[in-house]
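**Q** pasting the structure only:
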């Protein structure tokens with residue numbers, strides 16, 4: 001049966017991830033590949049019930065138990081149709097990760113041999129909460145494109161700085177979360193054959 005030329009092709013890859021986990025950079029790096037036709041809008045929010053109400057913050061601790069969320073997807077779709085990318089590996093070895101992903105997708109991995117892997121949407125610290133609220137108001141009303149990109153660049157130069165170092169008190173809290181997630185992470189590594197050793201580094205240096 002011939003394809004209907006009036007209908008756009010359906011996507012054959014969906015990038016799904018939690019906030020601040022490298023999906024913007026991954027999307028951009030794949031988008032730059034000449035054999036990839038990326039979506040014009042990165043954030044479709046297809047798997048979120050409600051963007052306005054920030055539903056992804058509801059039951060946030062349970063959302064971090066990744067194995068419980070991945071298991072039904074693997075059972076439904078099959079392990080050959082899902083690929084897990086670890087943020088720490090993406091940061092340290094983006095070339096290896098993207099070449100492996102390209103091979104899995106059936107596109108030419110040689111593109112990433114000389115690719116520079118520019119980072120996008122990195123974490124930052126806000127200087128003025130007032131300007132941040134104005135930024136959020138503008139972001140909701142200006143569509144994506146060159147104008148929005150320029151406004152974003154101006155805003156980040158004026159009102160953002162590199163994240164501050166994590167305090168000792170914050171490290172204590174993070175170490176407590178590490179212990180709370182340890183059983184779930186252990187199951188995640190065993191069930192999906194993942195190397196999560198980078199998640200096990202101590203938050204507080206030993207004296």
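**A** Arrived safely. All figures in this text were calculated on a predicted structure; none of them were measured in a lab. Residues are numbered from 1 along each chain as shown.

**Q** middle-most residue in the chain, spatially?
**A** For the chain, the residue sitting closest to the mean C-alpha position, by Cα atoms, centre = their mean, is residue 23 at 2.7 Å.

**Q** if I look at that residue, how far off is residue 90?
**A** Going from residue 23 to residue 90 by Cβ to Cβ, to the nearest Å gives 10 Å. Any C-beta I mention is one placed from the backbone N, CA and C, and that applies to glycine too.

**Q** likewise residue 82?
**A** The gap separating residue 82 from residue 90 is 16 Å, by Cβ to Cβ.

**Q** Between these two, which has more neighbouring residues?
**A** More neighbours surround residue 90 than the other of residue 82 and residue 90, with 21 against 14 (other Cβ atoms under 10 Å).

**Q** any idea which helix or strand comes after the host helix or strand of the more buried one?
**A** Using DSSP states H and E, residue 90 sits in helix 87-92. Following helix 87-92 in sequence order, the next helix or strand is helix 94-105 (DSSP H and E).

**Q** Show residues contacting that following helix.
**A** Helix 94-105 has contacts (Cβ atoms under 8 Å, 6 or more residues apart in numbering) with 13, 25, 29-30, 33, 83, 85, 89-90, 108-109, 111-113, 115, 117.

**Q** One more: stretch 15-33?
**A** 13, 36, 38, 42, 47, 56, 63-64, 85, 87, 90-91, 94, 98, 101-102, 107-108, 111-112, 115, 117-121, 123.

**Q** Which among the residues you listed count as buried?
**A** Neighbour counting with 16 or more other Cβ atoms under 10 Å marks 56, 85, 87, 90, 94, 98, 101-102, 107, 111-112 as buried within the contacts of stretch 15-33.

**Q** Would you state the strands of the chain in chain order?
**A** 125-126, 160-161 (DSSP state E).

**Q** okay if I get those strands as CSV plus mean pLDDT and distance to residue 146?
**A** As requested, these are exported to CSV (pLDDT from 0 to 100; distance: least, Cβ to Cβ, whole Å):
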stretch, mean pLDDT, distance to residue 146
strand 125-126, 70, 24
strand 160-161, 74, 20
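
**Q** Pick the most buried one from the ones you listed.
**A** Ranked by mean neighbour count, the strands of the chain are led by strand 160-161 with a mean of 14 (mean count of other Cβ atoms under 10 Å).

**Q** ok so, going back, any idea which of the buried ones among the contacts of stretch 15-33 is least confident?
**A** Least confident entry in the buried ones among the contacts of stretch 15-33, by pLDDT: residue 56, with 56.

**Q** Mind putting the strands of the chain into CSV with distance to residue 77?
**A** Shown next, in CSV, are the strands of the chain (distance: least, Cβ to Cβ, whole Å):
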stretch, distance to residue 77
strand 125-126, 38
strand 160-161, 38
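
**Q** So which of those strands is nearest residue 197?
**A** strand 125-126 (28.9 Å; Cβ to Cβ).

**Q** By average pLDDT, which secondary structure element in this structure comes out worst?
**A** When each helix and strand of the chain is scored by mean pLDDT, DSSP states H and E, strand 125-126 comes last, with a mean of 70.

**Q** Filter the contacts of helix 94-105 down to the ones in helices?
**A** Judged by DSSP state H, the subset of these located in helices is 25, 29-30, 89-90.

**Q** Pull out the buried positions in whichever helix in the chain runs longest.
**A** Using DSSP H to define each element, the chain has its longest helix at helix 168-192. For helix 168-192, a neighbour-count test (16+ other Cβ under 10 Å) marks 181, 185, 188-189, 192 as buried.
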